[in-house]
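Engineer: any chance you could fold what I've pasted below:
(2 chains)
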Amino acid sequence: DSGVTQTPKHLITATGQRVTLRCSPRSGDLSVYWYQQSLDQGLQFLIQYYNGEERAKGNILERFSAQQFPDLHSELNLSSLELGDSALYFCASSTSGGYNEQFFGPGTRLTVL
Amino acid sequence: EDQVTQSPEALRLQEGESSSLNCSYTVSGLRGLFWYRQDPGKGPEFLFTLYSAGEEKEKERLKATLTKKESFLHITAPKPEDSATYLCAVQGRGDRDDKIIFGKGTRLHILP
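Structural biologist: Okay, the predicted model is just below:
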């Protein structure tokens, strides 16, 4: 158990809908990262927040947005969902905003029908 | 273009048969190279961080090494419980933000 929690574990929705994924980092960690993992693309970095501020942006679509709240939990919002958005979404946390190890949560499996 | 390439894609070994996994990378301004282990349906689990060429790290049957162009994950006398996908990732300096790039992984299967 990494100490990172993600909810929900599974999410099934329809195209065009909007969903919110939630992540609570390990106690004391200030950075939260979001990743998308699909069979053909592997693990893709989406975005990083550090202590409430956006720190780095990866391959995040404009239909996706994220935020980190004062209690350091984070939410990833996915809108206008398409079939291709079906994937495992992982959240990870680390102690600082720098270049150190990340601890991954168990993931949310999103299925768009 | 920044990229991370892992080879082989899949590897089957007999228990006790040592081998190495390769991670070749091209990235501007390497900040760190990371190895993770991922079991099916679970999140990646951190193994090692390497920051500069020549650095080595060890943990049980695993040893990671780094050069300016690639990293190796050496597995000595593996056991069936070492079966997993091993992911390599690099963090590098981008135009605006640092970039984090993962390879597609090596699926390792250890036969008893």
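Engineer: for the residue of chain B at minimum distance from chain A, what are its contacts?
Structural biologist: Residue of chain B nearest chain A, by CB to the nearest CB: B:Gly43 (3.2 Å). Placement of C-beta: from N, CA and C, glycine included. By CB atoms under 8 Å, 6 or more residues apart in numbering or on different chains, B:Gly43 lies in contact with A:Ser2, A:Val4, A:Phe90, A:Ala92, A:Phe104, A:Gly105, A:Pro106, A:Gly107.
Engineer: the fourth one reaches A:Gln37, doesn't it?
Structural biologist: No - under the criterion of CB atoms under 8 Å, A:Ala92 is not in contact with A:Gln37, lying 11.5 Å apart.
Engineer: quick revisit: which ones among the contacts of B:Gly43 also lie next to chain B?
Structural biologist: When the contacts of B:Gly43 are filtered against chain B using CB under 8 Å from any CB of the partner chain, the residues retained are A:Ser2, A:Val4, A:Phe90, A:Ala92, A:Phe104, A:Gly105, A:Pro106, A:Gly107.
Engineer: off-centre distance for the helix or strand of chain B with the lowest mean pLDDT?
Structural biologist: Lowest by mean pLDDT, DSSP states H and E among the helices and strands of chain B is strand B:99-102, with a mean of 88. Between the centre of strand B:99-102 and the centre of its chain there are 13 Å (CA atoms, centre = their mean, to the nearest Å).
Engineer: same check, this time on stretch A:72-80
Structural biologist: On the basis of CA atoms, centre = their mean, stretch A:72-80 sits 7 Å off its chain's mean C-alpha point.
Engineer: cool, stretch A:20-33 as well?
Structural biologist: The answer for stretch A:20-33 is 9 Å, by CA atoms, centre = their mean.
Engineer: related to what we said a few turns ago, among the ones next to chain B among the contacts of B:Gly43, which are in strands?
Structural biologist: Per DSSP state E, strands hold the following members of the ones next to chain B among the contacts of B:Gly43: A:Phe90, A:Ala92, A:Phe104.
Engineer: and those residues as CSV, adding neighbour count?
Structural biologist: What follows is those, written out as CSV (neighbours: other CB atoms under 10 Å in any protein chain shown):
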residue, neighbour count
A:Phe90, 26
A:Ala92, 28
A:Phe104, 22
